[in-house]
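Engineer: generate a structure from the sequence data that follows.
(one chain, ligands or ions: 1)
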Amino acid sequence: MAIPTTHLTEATETPAEPAPPPVTPRSHGYCSWHEGYAWGVRPVREWDEGSGPAQRGLFACPPCRLALDLVPLGDQV
Ligand SMILES: [Zn+2]
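Structural biologist: Residues are numbered from 1 along each chain as shown. As a prediction, the model looks like this:
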């Protein structure tokens, strides 16, 4: 099966930009990175020493996770 290489320029295609994943705003908590409460906070992994808060059990909001490339621990409540 050959796929035609003609580029479709219809308006149905969405621009390929890195959109953040949809976050269900139901986990309200304290973000240790911007020091404030926010929705969608998630527990994140311990960060590098000296580069930021190096404590266990820290929570980060989606914007901070995206900006600092933080890795959430999971969907644990
Ligand atoms: Zn934050």
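Engineer: rest of the way, CA atoms for contacts and neighbours
Structural biologist: OK.
Engineer: give the partner strands of the helix or strand bottoming out on mean pLDDT in the chain in its sheet and their orientations.
Structural biologist: Using mean pLDDT, DSSP states H and E, the weakest-scoring helix or strand in the chain turns out to be strand 42-43, at a mean of 87. Take DSSP bridges as the rule and strand 42-43 pairs in its sheet with strand 59-60 (antiparallel).
Engineer: can I get the helix or strand just after the partner strand in CSV, CA atoms only?
Structural biologist: In the C-terminal direction, the helix or strand that comes right after strand 59-60 (DSSP states H and E) is helix 62-68. Provided in CSV are the C-alpha atoms of helix 62-68 (Å, rounded to 0.1, in the frame of the first residue of the first chain):
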residue,chain,number,x,y,z
PRO,A,62,1.2,21.5,35.9
PRO,A,63,2.8,24.8,34.8
CYS,A,64,5.8,24.2,37.2
ARG,A,65,6.1,20.6,36.1
LEU,A,66,6.2,21.6,32.5
ALA,A,67,8.6,24.5,33.1
LEU,A,68,11.0,22.5,35.2
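Engineer: quick one, strands of the protein?
Structural biologist: 28-31, 36-39, 42-43, 59-60 (DSSP state E).
Engineer: wait, which of those strands is closest to Pro72?
Structural biologist: For the strands of the chain, proximity to Pro72 was assessed by C-alpha to C-alpha; strand 42-43 is nearest, at 5.6 Å.
Engineer: is that closest one in proximity to the ion?
Structural biologist: No - contact check for strand 42-43 against the ion, using C-alpha under 5 Å from the ion: none in range, with a minimum separation of 10.0 Å.
Engineer: going forward, the N-terminal residue is numbered 34.
Structural biologist: Taking 34 as the first residue, the last one we looked at is strand 75-76.
Engineer: now stretch 92-106: buried residues?
Structural biologist: Counting neighbours by 16 or more other C-alpha atoms under 10 Å, one finds that the buried residues in stretch 92-106 are Phe92, Ala93, Cys94, Pro95, Cys97, Arg98, Leu103, Pro105.
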